[in-house]
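Engineer: what shape does this take:
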Amino acid sequence: MNRKKITALALTAAISAAVLAGCGSSAASSAAPAADSAADSATTDTAASADLLSQIRERGTITVAMEGTWAPWTYHDENDNLVGYDVEVATLIAEKLGVEPEFIEGEWDGLLAGLDAGRYDIMVNGVDITEERAEKYDFSEPYAYNRTAVITKGDNDTINSLEDLKDKKTANTISSTYAQLAEQYGADVTGVDDLNQTFELLNSGRIDATLNAEVTFYDYTKEHPDANVKIAVLTQDANEVAIPLRKGDETATLREAINTAIDELRASGQLKDLSEKYFGTDISSNRSAVFSAGRFSCEKTQNLHGFTP
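Structural biologist: Presented below is the predicted three-dimensional model:
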């Protein structure tokens, strides 16, 4: 084969390789945007599936955890219907979200664990915001405010301050704010499942005191007017009651939607109406309790040390 023919063949091969390379480059270039588009779509779909509010609206229900044994927050009426302040607040929030509430009852100690595990979307059960809880959960804005009462038997004169709880026997659900506060002041805390057990222990003399929501005391004495119990100590600062959610981006839009719902319920006066229905006073704003006629006056609530109903 002569040199000219070899040269021509080599040139032809080079040109063919260049054309093929160009075609490959063009194909790769045209494939890249498609791949990027698919990746973007997948990312969007993943974000949507991870968003809890989107999931809730897709299924049409929001699972709400509560005790069902803590009147007047959550309890069963004479017909065994689940009722209470938190039941109605949660129902109104669900309506604002455009879904139906699905209530799941359980003991206090298991409710937050269920929230952690994703068994519940939210917990509406008079939950106080604390520093420890705020580290683990994202909270909605407060929908209620409540002071803490140290409740004793009517003839107990040994407890007149939180410091007097040292070495005293108290009872509460173990992971509650009230149990933690009692332990902080040196009390020996007995764990119970619900409020009824707490008052059984107090009335039988097996504990010296219990710490609980101020409004819970008034509800208990309303239902048990002959009960020999009193508020021995009442904190001056109100606790903020809010809705805990799992921390993370997945709950961000749900939290924002719940906050909007709470703002609207407060502005419309519905939170105030529900407060007065169940507690006889407005606990939807951060101020001292002012009780309606037939309950207790503002002057009395300012001097509740040793007050016996």
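Engineer: low-confidence stretches in the stretch 101-250 of the chain?
Structural biologist: Judged against pLDDT under 70, the stretch 101-250 of the chain has no low-scoring part.
Engineer: which residue ranges of it form strands?
Structural biologist: For the stretch 101-250 of the chain, the strands defined by DSSP state E, counting those that start in this stretch cover 122-123, 127-128, 137-139, 144-146, 148-153, 169-172, 188-191, 209-213, 229-234, 239-242, 244-246.
Engineer: same list, these, but as CSV with mean neighbour count please.
Structural biologist: Using the backbone N, CA and C atoms, a C-beta is placed for each residue, glycine as well. As requested, the strands of the stretch 101-250 of the chain are exported to CSV (neighbours: other C-beta atoms under 10 Å):
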stretch, mean neighbour count
strand 122-123, 26
strand 127-128, 26
strand 137-139, 19
strand 144-146, 24
strand 148-153, 24
strand 169-172, 25
strand 188-191, 18
strand 209-213, 26
strand 229-234, 22
strand 239-242, 22
strand 244-246, 22
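Engineer: okay if I get those as a markdown table plus distance to Leu265?
Structural biologist: Listed next are those as a markdown table, based on distance: least, C-beta to C-beta, whole Å:
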| stretch | distance to Leu265 |
| --- | --- |
| strand 122-123 | 15 |
| strand 127-128 | 17 |
| strand 137-139 | 17 |
| strand 144-146 | 11 |
| strand 148-153 | 25 |
| strand 169-172 | 29 |
| strand 188-191 | 34 |
| strand 209-213 | 20 |
| strand 229-234 | 27 |
| strand 239-242 | 13 |
| strand 244-246 | 18 |
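Engineer: compare those and give me the one nearest Asp263.
Structural biologist: When the strands of the stretch 101-250 of the chain are compared by C-beta to C-beta, strand 239-242 sits nearest Asp263, at 13.0 Å.
Engineer: name every strand pairing with the closest one and say which way it goes.
Structural biologist: Note on strand 239-242: by DSSP bridges, its sheet partners are strand 127-128 (antiparallel), strand 144-146 (antiparallel).
Engineer: what's the closest of these to Leu245?
Structural biologist: strand 127-128 (10.8 Å).
Engineer: and the closest one, how far out from the chain's middle?
Structural biologist: Distance of strand 127-128 from the chain centroid (C-alpha atoms, centre = their mean, to the nearest Å) equals 7 Å.
Engineer: quick one: closest of the strands paired with strand 239-242 to Ile93.
Structural biologist: Of the strands paired with strand 239-242, the one closest to Ile93 (C-beta to C-beta) turns out to be strand 144-146, at 12.9 Å.
Engineer: pull the residues that contact that closest one.
Structural biologist: Under the criterion C-beta atoms under 8 Å, 6 or more residues apart in numbering, residues 85, 126, 128, 213-215, 238-241, 271, 275, 283-287 lie in contact with strand 144-146.
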